[in-house]
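Chemist: My questions concern the predicted model and sequence given below.
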Amino acid sequence: MEIRPEEFLSFGEWLGAAMRFFVIAVPILTFLALFGCFLFSTFRRGPVEAFYAVAGAIATAIGKDLPATSPRRILAITRLTIKEAIRRRVVVAFIIFVIVFLFAGWFLDVKSDDPAQLYLSFVLTTTNYLAIVLALFLAAASLPTDIKSKVIYTIVTKPVRSGELVLGRILGFITVISVLLAAMCAISYLFVERGMYHEHETRTDSVAVIPPLTDGGEPRGWEGSTTVNSYHSHTWRVDPNGVGLTDKVMGHQHVVIQRPGNDSDQPAYELGPPEGALVARVPIYGRLRFLDRDGNPTMKGINVGKEWDYRSYIEGRSLATAIWSFDGIHPRDFPADAEGNAVLPLALTLSVFRTVKADIETGVRGVIIVNGTNPRKPMQCEPIPFVSREFELHQMTIPRKLRPVGTDGSSGSEIDLFDDLVHEGNLEVWIRCDDPMQYFGMAQADLYVEAPNASFPWNFAKGYLAIWLQMAIVVCLGVTFSTFLSTPVAMLATMSAVVIGFFGQFVRDLWTGEAVGGGPIESLIRLVTQDNMMTPLDFGLDFGSGDIAENIIKMIDNFLLTILQSLAVVLPDFSRLSRATEYVAYSFYFHNDLLARQGLTTFIYLAAFTIVGYFFLRTREIAA
Amino acid sequence: MTQNASFFRKIVYGSAIVVLLLPLFLLGQPATSSTADGGGSGSAGGVLARMRATHGLSQAELGEIDPASETMKMATLGLRGVATNLLWTKANEYKRTESWDRLSATLNQIAKLQPNYISVWEFQAHNLSYNISSEFDDYRMRYHWVKKGIEFLIDGTRYNLRNPRLFWNLGWFTGTKIGRPDEHVQFRRMFPTDREFHDTMVDFININEARGPDGYPDNWLVAFLWYLQSQAVVEKGVPVTWMRIDPDNPGYTDNRRSPVIFYSDPSMSLIRHAEAITNEIIPGERTREAWRRAGSEWDKYGSIDIPSTWGHTLRLNTLSQYHVEANRWRERLESLAPQLREEMLEDRRASLTPQEREVFELTKHPSEWTEEDSVAYTRTRLKMMISDVELAEAMPDEHQAQARYFARRATEAALRAERIASYANIVNYQYWKTRCEVEQSQITADARRFMLFGDQAAERGDPEGAREEYEKAWSEWAQIFEAHPDLVHDAMADDLKEAIGRYELVLDQLDEKFPEDFPLKTLRERDEIPEEFRGALPPDAPGGQPGEPDDPNANQELNAEPEREEEANSQNDASPSEPDERL
C-alpha cells in the first residue's frame, strides 16, 4: 500500500501547515465572496445601495440571526427533515445495499490471494458510493421541492431563520443517513466475517511424523496438509505438544490441535477458524534517508528504471544503505520474548531488483543493523542477516540482547537493544543489500516497528466514520446548492463537486502537465481522431510560431483547466477523505491523527457551506 | 379546439411510436424455441437473432452463460464499453503501482463484462503469466502467477467453447511458460504435484493422459492435450476465420496463426517433453519411449494436409517425392541435349569479372572476403544458375515443344518442392524427424547415459572415472554422427559441445592434452568458419554444408529452430500488445 508523504505527519504537524493555509485562504475567499456579492448587487441596485445591502446582510447575520439561533427550532426542522426523508422512501437505498451484498459473491474474485483485502475494499467502497449518492439525492432535492410545493411558506412564516432552516436540513439528513450507515456497517461487518470464514479438515493420508534431527532423537512433531476449501489448502505442522499452525495462504492461517482419535491410536487434527486475515496492524513509521554506494548521504536511492518511482533502490555489496530513524521507542510498548525481555518487532516489505539471475532458489540476502543514536556512545549491533521476501509482509523481531560492532569494526560483548542503542526513544535501523549486483527497493513505509495490533472491529468502524464524514460534506454541498438552484441543477452541481473532489489529483496532474493528453478540448479532439496522447496536435497551420489551431486549443484548455484547478483546490478532496478504506482494506490501523485531521477538515467545510447556504437562502427569501 | 389539438397530438405520437416499433421488432425480435438454423416449431426471430444464429454468435453457442457476467452486462445499461475502458485504465494503474491482487480482481471484472472478446483474455492472461510473474523475485510466486494466467485462460474457454484460440494459448502457456523460462527446473518440479492446479483443467482434458514417466502429470504432455483441444475445435469448423490461409480473404490479417505451426504444436510439445526428460532422468527405455511417441506424432503431422497461402494444401512428408519428380523431368529435359547445360555454364563462366571468378571458385577463403566480395558472390551465384525454362529455350528447334513440356513439369514439381520446403523450414521438419529417429535408438540413449555418468563422476571428484565415461560417450556419438552427418550442424550438437568442454576440464585436472584422435573432431572444428559463410564452402570443406549448394533454403533450415527458441524466450519481457504475433 502506498502511503502518501503527508500521511506520515502527526496531527500537530499537519495542523501547523493547515492553519497557515487557512489563515491565508479564508480572508481571500471571504473577500472574493463579498466582492462577488457586491458586484452582483451593484448590477441590480447601483454601487451605494449594493454596499449597504451587503453590509446590512452581514450585520444582520452576525448581529441578529446568529445570536438568535435557537437549537429548539433547529431540532424541529431536523425532525421535519427526518420525517420527510422517511416519506421519500430513503429505505430504498438500504434495500439496494442489501441486494448488492446478497449477490456480491458473484462478482468478487474468490481465488484472490488476499480475499480479506478484496472483501473489505468492496464493502467500504460500495457503501461509500451508496452513501454519497443517497446524500446527494436527498439533500439536493429538499429545499427546491419545498419551494416548488410551497411548503417553504408554512415554515418561513413561522419565526424560523434561514440559518436554522439550513442547519436543520443538514442535521436532519445527516441523522437519517447516519442511522442507515450504522445498519450498513453492522451488515457489512457480518458479510466480511462470514465471507472470510471457512473450515478445513486434515487429509489423513498426508499426515507424517517429522523425523528427528539426530539419529535416535525424539520426533519433532507431525506435519500434513488440509483439504481444499474456499479454493485453497494449507500445509501444517504441530510440535510434540500437539499444537501448531498451518502455513499462511490467502492472508490467513489456522491453529492446529492434535486430539485423541475416535478409533485406535490414530490422533485426529482439528483446525481452528481462519486467523490473521482481519487485523488492524499498527505501524510506527520512521523517517527514511539514504547513503549512496560510497557511504555519502543522499536524498534518494537509485532509480532502476521503473515507471513508478515510489521506491528507490540501494545497490548490493556496497555502502549503499537505507536508514530509518524512529522516535518514541520504549520497551514497555513491545511484547516480550520467552525470557521476558521486550523485543522489537519489525515489518518489511522490500522490493527486489536483480541485474543478474544468480541463485533462483533463494532470495536476495540483506542485513539489518540497529544503530545507536547516542552521540556520546556511538554503537551499532552486528549485522543481522535476512533473505528478502518480495511483495509480502516480512515480519521479524530484533532480540533485546545483541552483539555490538565498535566504530573500529571489532565485536565486543553483549549489548542491550533498549538500554544501549535506544537513546531518548530514538533509534536507527539500517538496511543493506548483501548480494553483489542485486538491489533492494524501499519507500518510507516499507519498514516499520510493529506496535501491538489494534481492534479490527474498531478499525472497521473507523472506515465507516470516514464514510460518514464524506456523506456529511455531500449533504452540506447538496443543501447549499439547493438554496439557490433547482433540484436537477443542484444535483448536477453537487455531483460535479464530488467528481472534482474524487479526481482532484488528476486535475492537478493535468494542470501541471504530468497527465498527458491535454485539457478538455484537446482530449476530445484526440478521442474523435483516435490520436495518440503523446503525438503533437498537427493541423497543418504552422506559419512559424507553432500550429495556430493547436495554440488556440491549448489556450482555451488552459483557461478551462485554471477553473477546474481552482475548484479542485477549494472543494473537498474526496480521494483523501476516502483513504480510510485503503487503510482498513490493507489491514492497517487508521491512526487517530488521520481521523482527527479528516474530522477537522469536514467540520470546516460544514461550517463554510452552512454559512454560504444561509446567505443564499436569505437572498432567495427576499426574492420570494 | 384545444382538446382536439391535444387528441390529435396524441394520435400522432402513438402512430409515430408504432412506426418506430415496427423496424425495431423486425430487427430485434428474439428467436423462440428455434434451432440455430431457424428450424423447429418456434420462430427464427428478427434479423439480429437470425444473424446471431448464422454466425454462431448467440451466447449459448459461444460458451457457458454466467449469471454474474450477464448481470454485469445489464447493470452497465449499454455502457459496457465505457465501463471496460475505465476498468482497463484502473488495471494499468494497479499494474504500475504493483497492486497485484487488485489488478487480478479488475481483470476478472473486465473479463465478465467482455467474456467473448478473445483478445482481452489473451492479452490479460499474457500479462499475468509473463509480465506480472516476472515482477516477483521468488520463483514460487512466479509460478503462482503463471498459474493465474493459465487459470484465467481456462475461465475464458468456458465462455468461448467454440473458439480455438484460447485452447491454443493454454497449450502455449502450459508448455513454454512452465517448461522453458529461466526457472523451468523449479517450475517443472512444482507442476507434477500441483493437484489443485490440475483439478482446474479436468473439465476439458483428461489429466491422466498427460502423465510422464514418473507417473505425475507433465506440463508438456498437458500442453499437448490443450493443443489437441484447439485442433478439435478447428476441425468442428471455426465460426470466425482464425488461421492465416488466404491473403485475398477479406478477413485476413497478419495477426493470424500460420497453419503449418498450428498443426506442429502438439507434436512439438511431445518433442519438448522427450527433450526435457532426457535431461532430467537417466536416459534409457523411458526416454526412448518418449522420443518414439514424439516421432510417431511428428510423422502424423507430416502427413496432414496443411492449408497454404497459395490456395492449395501441402504435406510436409511429400518433399522428397517432389524432388524426385522434378529431377526425373529435368533428366528427361537434359537428355534431349546432354551437353547443352555445360556449354551454357561455360559461356557464363567466361563472362565473369576477375573478382566474381575469384569468389565463385573459392580461391580466397570466405573468412578473408570483403563486403564487396560477399555481394559479388551472391551476384555470381545468380548469374551461374540456369533455369529449366532457359535450358528449354536454348534447345534446338526440333526438341523445343517437348523440352518446354519437360521444363514446365520440372518447374512445377520443383516449385511445389520449394513451397513444401519453405513450410518445412518454418518448423525445421527434417531436423526434428531425424532427431526423433536418432534419439529413440539404443545407441543414443547409451551415449547420453555415458555422458551423464561422466558429469556425475566429475562432480564427485573422480576425473579418471569421468574421462572413461566421457570417452565411451564420444565413441557412441561418433557412430551416431557418422550415420547422421546432418546433425553435426544442428542444435543437438550444441549440447554436446558443452559436454566436450567439461571433458576438457577433466583432462586439465588429469594434466592430459586433448587427444589428437578425438572421435568428434568435426564437431569441434565446425565453428572455425563464420556461420554465414558456411553455405558457401564445398561440402567436403571443414564446416561446409551438406546438400545442394544451390539450395536457397539450406541456411534457413539451420536457423529455423533457434528462431522459435528466441520467440519463446522473448516473451518473458515482451509487452503483450500483440499476443497473436508470436508465431
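Modeler: Perfect, I can see it now. Since the structure is predicted, the reported quantities are computational estimates derived from the model, not experimental observations.
Chemist: drop to CA atoms for contacts and neighbour counts, all remaining ones
Modeler: Noted.
Chemist: what's the closest non-adjacent residue to residue 174?
Modeler: With no chain named, the answer covers chain A. In space, and not counting its chain neighbours, residue A:174 is closest to residue A:472: 6.0 Å by Cα to Cα, 6 or more residues apart in numbering or on different chains.
Chemist: Please refer instead to chain B.
Modeler: In space, residue B:174 is closest to residue B:223, 5.4 Å off (Cα to Cα, 6+ apart).
Chemist: and the gap between the one you found and chain A?
Modeler: Distance, residue B:223 to chain A, using Cα to the nearest Cα, to the nearest Å: 23 Å.
Chemist: How about the contacts made by that residue?
Modeler: Residues in contact with residue B:223, defined by Cα atoms under 8 Å, 6 or more residues apart in numbering or on different chains, are B:170, B:171, B:172, B:173, B:174, B:175, B:266, B:269.
Chemist: distance of it from residue B:217?
Modeler: 11 Å (Cα to Cα, to the nearest Å).
Chemist: does residue B:46 really touch residue B:29, like I thought?
Modeler: Yes - using Cα atoms under 8 Å, residue B:46 is in contact with residue B:29, at 4.3 Å.
Chemist: thinking again about what came up before, using CSV, please lay out the contacts of residue B:223 together with neighbour count, pLDDT and secondary structure.
Modeler: Putting those into CSV (neighbours: other Cα atoms under 10 Å in any protein chain shown; pLDDT from 0 to 100; DSSP: H, G, I helix; E, B strand; the rest coil) gives the following:
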residue, neighbour count, pLDDT, secondary structure
B:170, 29, 94, helix
B:171, 28, 94, helix
B:172, 23, 93, helix
B:173, 25, 94, helix
B:174, 26, 94, helix
B:175, 26, 93, helix
B:266, 30, 93, helix
B:269, 27, 95, helix
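Chemist: Three-state assignment for the residue nearest the centre of chain B, please.
Modeler: Residue closest to the mean C-alpha point of chain B, counted by Cα atoms, centre = their mean, is residue B:261 at 4.2 Å. Here residue B:261 is recorded as helix under DSSP: H, G, I helix; E, B strand; the rest coil.
Chemist: How much space separates it from residue B:423?
Modeler: Applying Cα to Cα to residue B:261 and residue B:423 gives a distance of 9 Å.
Chemist: Next up, the contacts around the residue nearest to residue A:174.
Modeler: A:135, A:174, A:602, A:606.
Chemist: which pair in those residues spans the largest distance?
Modeler: Pairwise distances across these peak at 15.0 Å for A:135 and A:602 (criterion: Cα to Cα).
Chemist: and those two? which has more neighbours close in?
Modeler: Taking residue A:135 and residue A:602 together and counting by other Cα atoms under 10 Å in any protein chain shown, residue A:135 has the greater number of neighbours (28 against 21).
Chemist: Let me see the backbone angles for whatever residue of the stretch 251-400 of chain B ends up closest to chain A.
Modeler: Of all residues in the stretch 251-400 of chain B, residue B:280 sits closest to chain A, at 17.7 Å by Cα to the nearest Cα. For residue B:280, the backbone dihedrals (degrees, to the nearest 10) come out as phi -100, psi -30.
Chemist: tally of neighbours for it?
Modeler: Other residues lying near residue B:280 total 11 when counted by other Cα under 10 Å.
Chemist: For chain B, which residues are neighbours of chain A?
Modeler: Within chain B, the positions near chain A by Cα under 8 Å from any Cα of the partner chain are B:68, B:96-97, B:99, B:101-102, B:104-105, B:108-109, B:136-139, B:183, B:186, B:196.
Chemist: Please list only the buried members of the residues you listed.
Modeler: Neighbour-count burial (16 or more other Cα atoms under 10 Å in any protein chain shown) applied to those gives B:68, B:97, B:101-102, B:104-105, B:108-109, B:136-139, B:183, B:186.
Chemist: now, which of those residues lie within strands?
Modeler: Members of these lying in strands (criterion: DSSP state E): none.
Chemist: If we only consider these, which is nearest to residue B:209?
Modeler: Nearest to residue B:209 among these is residue B:186, at 22.7 Å by Cα to Cα.
Chemist: Name the nearest residue to that closest one, ignoring sequence neighbours.
Modeler: Spatial nearest neighbour of residue B:186, chain neighbours left out: residue B:139 (7.4 Å); criterion: Cα to Cα, 6+ apart.
Chemist: Give me the pLDDT for that neighbour.
Modeler: On pLDDT, residue B:139 comes in at 91.
Chemist: mind listing what it touches?
Modeler: So residue B:139 contacts A:360, A:361, B:183, B:186, B:187 (Cα under 8 Å, 6+ apart).
Chemist: Next: residue B:183.
Modeler: Shown in contact with residue B:183 (Cα under 8 Å, 6+ apart): A:360, B:139.
Chemist: what about the closest residue to residue A:415 other than its chain neighbours, neighbour count?
Modeler: Once flanking residues are discounted, residue A:415 sits nearest to residue A:402: 5.3 Å by Cα to Cα, 6+ apart. If you count neighbours by other Cα under 10 Å, residue A:402 ends up with 20.
Chemist: Let me know the pLDDT of residue A:402.
Modeler: 86.
Chemist: For residue A:343, see how far away it is.
Modeler: Relative to residue A:343, and taking Cα to Cα, residue A:402 is found at 11 Å.
Chemist: what comes up buried for the one helix or strand residue A:510 maps to?
Modeler: Element membership for residue A:510, per DSSP states H and E: helix A:504-512. Using 16+ other Cα under 10 Å as the test for burial, helix A:504-512 gives A:504, A:505, A:506, A:507, A:508, A:510, A:511.
Chemist: TSV for those residues, including distance to residue A:3 and pLDDT?
Modeler: Supplementary listing: the buried residues of helix A:504-512 in TSV, determined by distance: Cα to Cα, whole Å; pLDDT from 0 to 100:
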residue	distance to residue A:3	pLDDT
A:504	17	83
A:505	15	82
A:506	18	84
A:507	20	85
A:508	19	84
A:510	22	85
A:511	23	84
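Chemist: Can you tell me which of those is closest to residue B:228?
Modeler: Using Cα to Cα, residue A:506 is the member of the buried residues of helix A:504-512 that lies nearest residue B:228, at 48.6 Å.
Chemist: what's the burial count for the residue nearest to that closest one when sequence neighbours are not counted?
Modeler: Using Cα to Cα, 6+ apart and skipping the chain neighbours, the partner closest in space to residue A:506 is residue A:515 (7.2 Å). Residue A:515: 15 surrounding residues under other Cα under 10 Å.
Chemist: Shouldn't residue A:515 be within a strand?
Modeler: No - counting by three-state DSSP, residue A:515 is not found in a strand; it is coil.
Chemist: Show me where the chain dips below the pLDDT cut-off.
Modeler: No chain specified, so I'll use chain A. Applying pLDDT under 70 to chain A picks out residues A:105-106, A:156-157, A:262-265, A:406-412, A:620-624.
Chemist: my question was about chain B
Modeler: Short version for chain B, where the test is pLDDT under 70: B:1-3, B:31-42, B:55-72, B:237-256, B:363, B:489, B:491, B:524-583.
Chemist: what's near enough to touch residue A:384?
Modeler: Going by Cα under 8 Å, 6+ apart, residue A:384 touches A:367, A:368, A:369.
Chemist: Of the residues you listed, which is the nearest to chain B?
Modeler: For the contacts of residue A:384, the minimum distance to chain B (Cα to the nearest Cα) is 17.5 Å, reached by residue A:367.
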